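> Take a look and give me a structure for this.
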Amino acid sequence: MLNKNQKEVEELSNSSNIIGKGTIVNGSIETFGNIRVEGKVIGDIKTKSKAAFGHSSQVDGSVLAQNAEVAGHIAGTIEVTEQLVLKATATIDGDIITNKLLVESGATFNGKCKMGVKSKEIKIGKPEEQEQPQALKA
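Reported below is the predicted structural model:
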């Protein structure tokens with residue numbers, strides 16, 4: 001039987017988020033669940049699940065996800081703990097760090113690529129220490 005915290009995390013990871021075509025988000029996004037971007041995000045994206053970037057997507061910032069599929073444009077570092085799929089229409093201007101990489105014919109990326117990286121834990125939210133201003137710490 002799952003305890004209350006495990007149940008909450010499981011429910012959060014089953015959520016889905018969509019940034020629709022024509023939508024512009026200024027700021028960072030963190031989620032336990034899946035995220036699909038068809039619009040533009042100016043900021044970092046972090047998910048403990050899957051990130052999908054459609055043909056019309058544009059991201060100006062870094063991406064950290066468990067799995068990711070890219071068909072749009074990303075300008076920033078992409079770090080994927082499991083598998084990254086670059087569709088034929090994908091354009092990446094930045095470094096790629098992933099365990100497994102699948103690149104379809106036509107996809108382009110300009111940057112360094114590091115594969116076979118051991119999985120790291122994706123942490124969502126800030127630890128309490130980081131949330132307090134330096135002047136308030138004893």
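> Poorly predicted segments of this structure, please.
Applying pLDDT under 70 to the chain flags residues 1-14, 118-119, 126-138.
> what about 90?
Scanning the chain for pLDDT under 90 picks out 1-16, 116-138.
> now the helices for it?
4-13, 128-131 (DSSP state H).
> who touches Leu64 in this structure?
Asp44, Ile45, Lys46, Thr47, Glu79, Val80, Ile122 (CB atoms under 8 Å, 6 or more residues apart in numbering). Just so you know, the C-beta spots here come from the backbone N, C-alpha and C atoms, and that holds for glycine as well.
> and those residues as TSV, adding distance to Lys100?
Below are those laid out as TSV (distance: CB to CB, whole Å):
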residue	distance to Lys100
Asp44	22
Ile45	20
Lys46	20
Thr47	17
Glu79	13
Val80	8
Ile122	16
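> Between which two of these is the distance greatest?
Comparing all pairs in the contacts of Leu64 by CB to CB, the longest separation belongs to Asp44 and Val80, at 14.0 Å.
> distance of Gly22 from Ser16?
Distance, Gly22 to Ser16, using CB to CB, to the nearest Å: 19 Å.
> who has more neighbours, those two?
Ser16 (12 against 9; other CB atoms under 10 Å).
> nearest spatial neighbour of that one, skipping sequence neighbours?
Asn34 (4.8 Å; CB to CB, 6 or more residues apart in numbering).
> got the CA coordinates for stretch 64-71 in PDB?
Below are the C-alpha coordinates for stretch 64-71, written out as PDB (Å, rounded to 0.1, in the frame of the first residue of the first chain):
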ATOM      1  CA  LEU A  64      15.700  19.000 -18.100                       C
ATOM      2  CA  ALA A  65      13.400  15.900 -18.400                       C
ATOM      3  CA  GLN A  66      13.200  12.200 -17.900                       C
ATOM      4  CA  ASN A  67      12.300  11.700 -21.600                       C
ATOM      5  CA  ALA A  68      11.900  14.200 -24.400                       C
ATOM      6  CA  GLU A  69      10.800  14.400 -28.000                       C
ATOM      7  CA  VAL A  70      11.600  17.500 -30.100                       C
ATOM      8  CA  ALA A  71      10.100  18.600 -33.400                       C
END
